[in-house]
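A.B. asks: 3D model of this:
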Amino acid sequence: MKLLNVEAVLDRDKGIQRAGHKTEVMKELHDKTNSYAILSHRWGSDSEVSYEEMTGLMKMGKEDREEVRQRRGYQKIIKSCEQAKKDGYNWLWIDTCCIDKRSSAELTEAINSMYRWYRNSQICYVYLNDVNKSEFPTEQDFSLFSKSNGWPEWFSRGWTLQELIAPRNAEFFNKDWVSIGSKEGLMSTLTAITRIPKVVLSDEGILRNRVEISKRLRVAQIMSWAAERETTRVEDRAYSLLGLFDVNMPMLYGEGSKAFQRLQLEIIRVSSDHSIFAWNPKGRFGLHSSVLADHPGCFRGCHDIQEVYPNLFEKELERYIQWRGLQVATNWNKLTGLQRGAASTQLFRFDVANLGIQVSLPVIRVIPLPPRDDTNNPECYMALLPCYDRYGKLFTINLQSIEHSFHRYFRTVHVPEECPVFRSLYLEFSQYAEESYRELRFHDKRTSYYGFTRRGAFPCGIADDTATLSSQGNNLIVLVYANDKDRSRFAVGFGYYCNEVWAHIVCDKYPADQEAWSSWADFAKQVYNTMWNTPIGESHLPQYNSHSILNRGHLPRSTWDAIVIHFNRDRNIDITDIMIDIKPCPGCCTGPRECTYHLFPDELWLPPTWSSGDTHELELNGQSARFDQYLGRIALGDYGCSDKNNFKVFGNIFQDMQELDIDSMDPVYQPVVSLVSSSQRVPHRMRTQHDIVTCGIDCDSLVLRQPKGLLLPNNAEFNLLLRALSARIAQRDLVTAVIQCSAFYKVNNEPTQMDTSASVRKGGEQSMGPGAFTPLCIFHPSAPHGSPACVQRRENFKNIREHFYALANLPLSGTEPCDGSLRDRWAPNGLIDCLDMFGVESLKSYVGQIAFFKRLPSMMETQLRNEASVGRAGA
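C.D. replies: Numbering: from 1, shown residues only. Sure, this is the predicted structure:
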């Protein structure tokens, strides 16, 4: 290895004017026979000093030399040398400047030897460039480390994992090179941050223990330590783990995710650990894939996987048979076969062949769900691995037979009551799929109408209300919303699995003594971890039409529901629009009063894309939109029933406002005027004049003259109005946008104007402007409408309201006329039951502003004093 001469580097820097061109600052030495210090740090984007610059510094011109010396990377080298000299070390190794990366042979040797170099060092200096305080951070702080999971960025990088484990001694320094702790002294904190057991941090030799089974660590456990770490190069996610598994392989930058596949194959060649197949399938975009993971992130949550020893696997299989309700006596022959298979060396033999990885495992034939009516159901099996999951059960994976090998299968399956049998399998290990992405666009404006604001996103932020999920990286995201006034919050987690969006809603009541801004990140992380440990089937958003999916969760102690709806505008476009909303709950959501929902689409707020009639494409204020052409008179705000090209009008929301004595001329209810333009997909030859807009790209396109778009407003007042009218418009189609024009006609693809008179007659004249025709409109199904409360629920709420109004009439002082038995009977029922159920702020909105709420604090004090006096009397 090439080591820096500490004295030479410092002398050269201090006497830069008199140092000669031949001053040697680096020397080739052996790591086993020399004492040296080593640096672990987070690379800067463009401030590091390379090997060429470090060795040729004196050959540079004055300006270039000074530019190098002013870099943060150079100052880091000087500070490291000063610390090494202070500690009595003559040699120092730093990865930025001690590897000549121009030589592929030297780079390969360095990467394959790096773990050993850190292990053989006398001390490792860990430089935390983002820690300003003079003490090591012992708690997550997202305000300081928002981009790295609340901890210094050093803990989020892939290469620093081995740099933490390998050295026997390590000392941590802050930004100003002040010592803030040692590896030994910070052992508990380091374990809490990284989930690496103390036994590994104190003695890395346990990783190479291949004799004592009880001390051997599982492959999945080691992989889980790297699950949330990132590297600049995709290949380095694999290369940075070579030393941890004590394997070697050549570096092939440019191979992408195949590097991680090669790493796993190298591990398989020297290990018989089945946990390498026990990775978490969440985040997989396709239906099946290789049995090998795409990246270390697949092993997130696998830190507690344990090996089933050979002598116990036989008993576990027998226990599994009994758990499935099968009689051991009647399945004795199959049990005997399982016993032979569990005791055979074939169970722990892996052979890598052209057909796949040959293994012998107990399997059960399973049925994919939902089952198909035809004979094209895939041949699927569930294999039982000799590993315990977090619940102490045998880990299982689903496999699909494709040609001569078995692929990992991710759909839900039905497991029949059958005994497993050992079978020789060829497991597919080739990686075919390239990295895929799914873009989620969030629409959460309406949560603010109820006082909720988005606190943040975990594990990474979102830009312009958009998050991108990757099949080989970031594939889960959690958003947290909180209402400070009512001390209520909820989190919504999203993922993309098997071509479908899945979500998990968690509603929480954060502690009264804790501010939402300081606790949202911890809450988000809890939900994030829960999503990784929750079965996929329990998190899928239920689908109620081909476009939209809804999920909901009740906010404790409130009359609110958190609603999540997603909308796929086009199956061929990797974009999903998602709404997060708050809706009044029609009743208590616990016990016999549990609320149920009828699922109706709620796409009024979404970009208008879905239609059912003759569709025409254009743009509103630069946003793509699809409009329907219908016969007859249609006005903005109409609601009714659409059928092909006909629309039956049942009413109009603006007319309903007049019946309710709501001023429809109020600016907040006025339609929004939008600029109309041709779609970007329309050929330029069909865009004729500045006041002409062409709709569609087909042979017969519709041309609008002097078009003007009118849209329903999207503000708090209008949305609340729609909710007030939900009983009228529920399950109806609502006209949310119309296009007015002075005339319209069809053209062919030349373009040549076709007959217009018939078209004008079909459009019909509208009352919204003299001489203006409205040929096009957008229909959206109306908002979801909760089912009315059942009779029992209505009776329960009637009793609750009676309790409150009875309490409102109770006197507070003992001198006022009061029936004590009435107070004793009603107060606990009203106060305790209802406060626990809703919370004061929500009760105000539910039962109205009555005098009771002004008197509530003193009533509660009176009740507490009475309870205290009763307690003393009983004592």
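
A.B. asks: low pLDDT regions in the stretch 401-550 of the chain?
C.D. replies: Residue ranges of the stretch 401-550 of the chain with pLDDT under 70: 432-435, 471-474, 498-499, 509-518, 533-550.

A.B. asks: no no, the stretch 651-800 of the chain
C.D. replies: In the stretch 651-800 of the chain (pLDDT under 70), the answer is 680-692, 694-700, 723-724, 726-727, 730-731, 747-800.

A.B. asks: if you set the cut-off to 50 instead, what comes out?
C.D. replies: Within the stretch 651-800 of the chain, the stretches with pLDDT under 50 are 685-686, 697-699, 750-771, 781-790.

A.B. asks: just the stretch 151-300 of the chain next, same as before
C.D. replies: In the stretch 151-300 of the chain (pLDDT under 50), no residue qualifies.

A.B. asks: how does it look with 80?
C.D. replies: Along the stretch 151-300 of the chain, segments meeting pLDDT under 80 span 208-216, 280-289.

A.B. asks: where do the helices sit along it?
C.D. replies: 160-165, 187-194, 198-202, 219-225, 236-239, 242-245, 258-270 (DSSP state H, counting those that start in this stretch).

A.B. asks: residue 303 in helix, strand or coil?
C.D. replies: Classification of residue 303 by DSSP: H, G, I helix; E, B strand; the rest coil places it in coil.

A.B. asks: can you get me a residue count around it?
C.D. replies: By other C-beta atoms under 10 Å, the residues close to residue 303 number 19. Quick note: C-beta positions are derived from backbone N, CA and C, even for glycine.

A.B. asks: mind putting the helices of the stretch 151-300 of the chain into JSON lines with mean neighbour count and distance to residue 378?
C.D. replies: Below are the helices of the stretch 151-300 of the chain laid out as JSON lines (neighbours: other C-beta atoms under 10 Å; distance: least, C-beta to C-beta, whole Å):
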{"stretch": "helix 160-165", "mean neighbour count": "22", "distance to residue 378": "38"}
{"stretch": "helix 187-194", "mean neighbour count": "16", "distance to residue 378": "40"}
{"stretch": "helix 198-202", "mean neighbour count": "15", "distance to residue 378": "41"}
{"stretch": "helix 219-225", "mean neighbour count": "25", "distance to residue 378": "26"}
{"stretch": "helix 236-239", "mean neighbour count": "23", "distance to residue 378": "31"}
{"stretch": "helix 242-245", "mean neighbour count": "22", "distance to residue 378": "33"}
{"stretch": "helix 258-270", "mean neighbour count": "19", "distance to residue 378": "24"}
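
A.B. asks: okay, the ones you listed in CSV with distance to residue 486 next?
C.D. replies: Below are these laid out as CSV (distance: least, C-beta to C-beta, whole Å):
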stretch, distance to residue 486
helix 160-165, 42
helix 187-194, 33
helix 198-202, 43
helix 219-225, 38
helix 236-239, 44
helix 242-245, 48
helix 258-270, 47
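
A.B. asks: those helices: which one's closest to residue 134?
C.D. replies: Closest to residue 134 of the helices of the stretch 151-300 of the chain, according to C-beta to C-beta: helix 187-194, at 15.8 Å.

A.B. asks: show me what the closest one is packed up against.
C.D. replies: If you count contacts as 3 or more C-beta pairs under 8 Å, 6 or more residues apart in numbering; DSSP states H and E, helix 187-194 packs onto helix 160-165, helix 198-202.

A.B. asks: what's in contact with the longest one?
C.D. replies: The set of residues external to helix 160-165 that reach it, using C-beta atoms under 8 Å, 6 or more residues apart in numbering, is 40, 42, 114-115, 118, 124, 126, 154, 170, 183, 190, 194, 196, 200-201, 204, 207, 225-226, 229, 240-241, 243-244.

A.B. asks: if we go to 7 Å?
C.D. replies: Helix 160-165 has contacts (C-beta atoms under 7 Å, 6 or more residues apart in numbering) with 40, 115, 118, 124, 154, 194, 196, 200-201, 204, 225-226, 229, 240, 243-244.

A.B. asks: picking that back up, of the helices of the stretch 151-300 of the chain, which is nearest residue 426?
C.D. replies: Closest to residue 426 of the helices of the stretch 151-300 of the chain, according to C-beta to C-beta: helix 258-270, at 13.5 Å.

A.B. asks: out of the helices of the stretch 151-300 of the chain, flag the one nearest residue 483.
C.D. replies: Among the helices of the stretch 151-300 of the chain, helix 187-194 comes nearest to residue 483, with 30.9 Å by C-beta to C-beta.

A.B. asks: render the CA-only coordinates of the closest one in PDB, please.
C.D. replies: C-alpha atoms of helix 187-194 as PDB (Å, rounded to 0.1, in the frame of the first residue of the first chain):
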ATOM      1  CA  MET A 187     -20.200   1.600  21.400                       C
ATOM      2  CA  SER A 188     -23.800   1.800  22.500                       C
ATOM      3  CA  THR A 189     -24.600   4.800  20.400                       C
ATOM      4  CA  LEU A 190     -22.900   3.300  17.300                       C
ATOM      5  CA  THR A 191     -25.000   0.200  17.700                       C
ATOM      6  CA  ALA A 192     -28.200   2.200  18.000                       C
ATOM      7  CA  ILE A 193     -27.400   4.200  14.900                       C
ATOM      8  CA  THR A 194     -26.200   1.300  12.700                       C
END
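
A.B. asks: which helices and strands does the lengthiest strand in the chain pack with?
C.D. replies: Using DSSP state E, we find that the single longest strand of the chain is strand 356-368. Packing partners of strand 356-368 (3 or more C-beta pairs under 7 Å, 6 or more residues apart in numbering; DSSP states H and E): helix 332-343, strand 380-388, strand 413-414, strand 421-427.
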